[in-house]
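# Just the structure for this:
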Amino acid sequence: MVTDVLGDRLFTAAVTPMRADESIDHTALSAMLDSDIRRGVEGLYVCGSSGEGVLLSEGERIAVAETAVSAAAGRVPVVSHVGAMSTGEAIRIAAAAKDAGVAAISMIPPLYYGYSTPDVVRHFRSVIDAVDLPFVLYNIPQFTGRDISEGGFDELLALPQVVGVKHTSRNLYGAERIIRRYPHLTLVNGFDEFYLPALSIGARGAIGTTVSLQIELFLSLRRRFAQGDLDGARAVQVRINDTVEGMVEVGVFGAAKYLSGRSSVPLGDCRAPLPALDDDGRARLDAVFSRLQEHIAVTAEEDARVA
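Numbers count the residues shown, from 1 in each chain. Got it, this is the predicted structure:
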């Protein structure tokens, strides 16, 4: 089993292109992912929050994983989010993702019924035992109501199949405690606006909604941090956050799909009940995109001077 699927890699939390009738546009998906890789993205994370995974059917999620693996063509690893409302469905999606050739699977805790921590651990363990692939826990408490870093998951985090935690939470103390207790795990930052702070407490790579939009900035920040240039790294984090802020003001998931389309091919709107962008939102995002291009240019000039 590959145990270093994550490493220090920068993964895009890929959006899922859709046509006007809400069917998935696999041609656009393949073109978008190929463009992301060519621009420097180091891994693909599909069917997560940005990919509207919980709004997709079982068959659609399997098809997205297959398209992602085909588009990656061995150049970068593909991690597929397989979390589902029932354990059986999660196992089926995970098994199909393995057959498709993904490098790892990832899951959020089950939703809605107020499961106990032992219930959640049993759910995760059932999928891990059924599908022999590296496993990445997805900690996103603002959506699931459960913070994995707060305890109760020791049995799970100690399993050899569990290779990392995607930490999409502002609780950096909890993240640091995970690293402290389980040094064999790779902690992956999930909030793009926290990339530098997360690196400072021991996180390695990132899986983020804006990674593909501004991969040049993420690569520069990582390089500056590794070289001990904290002032330079902070300057780049501010630029990353400018884009994040502009997207949040409009609606982050619709914004991500629109801006990703500006960098590749049109990707459509999000699936209802997520809202579609209006003309004002698109105009505001056009301004965000223009500022982002300026940030990329300035960062490249700075990096060239110290190369």
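# just the strands in the protein please.
Along the chain, the stretches classed as strands by DSSP state E are 10-13, 43-46, 78-81, 104-107, 135-139, 162-167, 186-189, 206-208.
# Residues contacting the last one, please?
To tie it back to what came earlier, the one meant is strand 206-208. Residues outside strand 206-208 that contact it (C-beta atoms under 8 Å, 6 or more residues apart in numbering) are 10-13, 43, 45, 48, 79, 166, 188-192, 195, 198, 218. Glycine gets a C-beta too; all of them are placed from N, C-alpha and C.
# try it again with 10 Å
Residues outside strand 206-208 that contact it (C-beta atoms under 10 Å, 6 or more residues apart in numbering) are 6, 8-14, 42-45, 48, 50, 79, 81, 106, 136, 138, 164, 166-168, 188-195, 198-199, 214, 218, 221-222, 240, 244, 256.
# Buried ones among the residues you listed?
If you count burial by 16 or more other C-beta atoms under 10 Å, the buried members of these come out as 6, 9-14, 42-45, 48, 50, 79, 81, 106, 136, 138, 164, 166-168, 188-195, 198-199, 214, 218, 221-222, 240, 244, 256.
# ranges for the helices of the stretch 1-150 of the chain?
Here the stretch 1-150 of the chain has its helices, by DSSP state H, counting those that start in this stretch, at 26-38, 58-72, 87-100, 117-130, 141-144.
# Isn't S264 up against D25?
No: at 11.6 Å, S264 does not count as touching D25 under the criterion of C-beta atoms under 10 Å.
# list residues touching both of these two?
Common neighbours of S264 and D25, using C-beta under 10 Å, 6+ apart, are P17, A31, M32.
# Please look at the last one and S212 and confirm they touch.
Right, the one you point to is M32. Yes: the pair M32 / S212 is scored as a contact, 8.1 Å apart, by C-beta under 10 Å.
# which residues are common contacts for the two?
T12, A14, V15, S260, S263, S264.
# okay, who's weakest in the residues you listed by pLDDT?
Lowest model confidence among these falls on S264, which carries 79.
# low-scoring pLDDT stretches of this structure, where are they?
Counting by pLDDT under 70, the chain has low-confidence residues at 1-3.
# can you pull the buried residues of the longest helix seen in the chain?
Ordering each helix of the chain by length in residues (DSSP state H) puts helix 279-306 first. In terms of neighbour count (16+ other C-beta under 10 Å), helix 279-306 has its buried residues at G281, R284, L285, V288, F289, L292, H295, I296, T299, D303.
# Stretch 248-255 too?
So for stretch 248-255, counting by 16+ other C-beta under 10 Å, buried means V250, G251, V252, F253, G254, A255.
# Let me know the distance separating the first one from A72.
Right, the one you point to is V250. According to C-beta to C-beta, to the nearest Å, V250 and A72 sit 29 Å apart.
# do the same with the fifth one
G254 sits 25 Å away from A72, going by C-beta to C-beta.
# and what of the fourth one?
To A72, F253 is 23 Å away according to C-beta to C-beta.
# same thing with the third one?
Relative to A72, V252 is positioned 25 Å away (C-beta to C-beta).
# repeat for the second one
As for G251, its distance to A72 is 28 Å (criterion: C-beta to C-beta).
# same thing with D242?
Distance from D242 to A72, by C-beta to C-beta: 30 Å.
# do the same with R305
Applying C-beta to C-beta, the value for R305 to A72 is 34 Å.
# In contact with G268, which residues are there?
Neighbour list for G268: 15-25, 28, 257-258, 261, 276 [criterion: C-beta under 10 Å, 6+ apart].
# count of neighbours near S49?
Using other C-beta atoms under 10 Å, S49 is surrounded by 20 other residues.
# I should have written L230 there, sorry.
12.
# shift numbering so it begins at 33
Sure, I'll start numbering at 33, so the last one becomes L262.
# ok now do L219, which residues does it touch?
L219 neighbours (C-beta under 10 Å, 6+ apart): 38, 171, 181, 196-199, 207-208, 210-211, 230-231, 233-237.
# Find the nearest non-adjacent residue to it, please.
A235 (4.5 Å; C-beta to C-beta, 6 or more residues apart in numbering).
# Repeat that for S118.
P142 (7.7 Å).
# Next, count neighbours for the closest residue to I180 other than its chain neighbours.
For I180, ignoring the flanking residues on the chain, the nearest one in space by C-beta to C-beta, 6+ apart is N171 at 4.3 Å. By other C-beta under 10 Å, the residues close to N171 number 26.
# Also L87?
The burial count assigned to L87 is 17, neighbours taken as other C-beta under 10 Å.
# All good on my end, thank you.
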